[in-house]
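In: next comes the sequence, and after it the predicted model I'd like to discuss.
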Amino acid sequence: PKVAFLVVLATFGAQSQGYEVYNIFSPLNSGGSAQETVTIDDEKNAAIINVHAGSCSSTTIFDYKHGYIATRLLSRRACFILKMNHKYIPALDKLQRYIYEKQTLNALFSNKYTWVKYNPLKSLIINADWLLFGSPIENLCKQIPLYKGEVVEKKDDVGAEGCVKAGLLGLLGISICTDAHF
């Protein structure tokens, strides 16, 4: 009887933390695959996506509470932040459903990306307002350069070079590009 009680208590305790973790393997154009770990944190109203793909690895936080998205790119040793626009980004519960369907059905795929550009000379944020951006983004980006990104309607509007993909590959991708128009 005591063992059954402990198992039920442990299960209830894990659910009450408000965490859901998903592991997804996504094919890459190079022929390999990338492992993505997605953590949905209901308590903080955020989704954290870690893409494990060697030098193309990234961490992206969708902070619904503060209304910002931040991506830390390993290859650029920098963070990029943008205001969340619900025209491009689904609500957290919808995102969670998409992730669940992608993981279980392995059939959900979208090659649609949110295109983001930044200007390395003009968009560097010197004194970040961490209260505005929230502690999850502060923890991700505090020790490295932080750039403000700008969403563009389509790839042709980017006028950009050196794009790097992040976010949730094949579902809710973000392509961050250097603005070539200085």
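Out: Thanks, I have it. Numbering: from 1, shown residues only.

In: which strand residues bridge the spatially most central residue of the chain?
Out: In the chain, the residue lying closest to the centroid (C-alpha atoms, centre = their mean) is residue 60, at 2.7 Å. Assessed by DSSP bridges, residue 60 has beta-bridge partners residue 49, residue 71.

In: wait, it sits on residue 175?
Out: No. If you go by C-beta atoms under 8 Å, residue 60 and residue 175 don't touch, sitting 12.0 Å apart. In short, each C-beta sits where N, CA and C put it, glycine included.

In: which residues are in contact with both of those two?
Out: Contact criterion C-beta atoms under 8 Å, 6 or more residues apart in numbering; residues shared by residue 60 and residue 175: residue 166.

In: strands of this protein, start to end?
Out: 19-27, 33-41, 46-52, 58-63, 68-73, 78-83, 113-118, 146-148, 150-152, 160-168, 172-179 (DSSP state E).

In: just checking, what packs against the fifth one?
Out: When contacts are defined as 3 or more C-beta pairs under 8 Å, 6 or more residues apart in numbering; DSSP states H and E, strand 68-73 sits against strand 58-63, strand 78-83, helix 130-133, helix 135-141, strand 160-168, strand 172-179.

In: just checking the distance from that strand to the centre of its chain.
Out: Centre-to-centre, strand 68-73 and its host chain are 6 Å apart (C-alpha atoms, centre = their mean, to the nearest Å).

In: pLDDT of that strand, averaged?
Out: When pLDDT is averaged over strand 68-73, the result is 92.
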